[in-house]
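Trainee: Give me a model of this one.
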Amino acid sequence: MENIPPVLVLSITFGLFGSIVSFWILWAVIRGAVLSALRKHSEEQRGSGYRG
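Mentor: Predicted coordinates for the structure are as follows:
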């Protein structure tokens, strides 16, 4: 096996780690927005007397 430069290994490792963390944060933000919208919609339906 050839010698792989440590800088290449570190850049790939941190790149993958950064991508995973970014997607996790994005998922959390989207999940929070969806739950907030559902909560608001539920309150609006409850307030209007909707029987669905």
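
Trainee: ok, the residue nearest the centre of the chain to residue 47 distance?
Mentor: When CA atoms, centre = their mean is applied to the chain, the residue found nearest the centroid is residue 27 (1.4 Å). From residue 27 over to residue 47 the distance is 30 Å, taken as CB to CB, to the nearest Å. C-beta coordinates here come from the backbone N, C-alpha and C atoms, glycine included.

Trainee: ditto for residue 18
Mentor: In terms of CB to CB, residue 18 sits 43 Å off from residue 47.

Trainee: Assign residue 34 to helix, strand or coil.
Mentor: helix (DSSP: H, G, I helix; E, B strand; the rest coil).

Trainee: ok, so what distance separates residue 10 from residue 19?
Mentor: Using CB to CB, residue 10 is found at 15 Å from residue 19.

Trainee: actually residue 32, not the one I typed
Mentor: Noted for residue 32: a distance of 21 Å to residue 19, by CB to CB.

Trainee: In which helix or strand does the residue nearest to the centre of the chain reside?
Mentor: Per DSSP states H and E, residue 27 falls inside helix 6-48.

Trainee: Return the distance of that helix from the chain's centre.
Mentor: 2 Å (CA atoms, centre = their mean, to the nearest Å).

Trainee: Mind giving me the packing neighbours of that helix?
Mentor: On a contact count with 3 or more CB pairs under 8 Å, 6 or more residues apart in numbering; DSSP states H and E, helix 6-48 meets no helix or strand.
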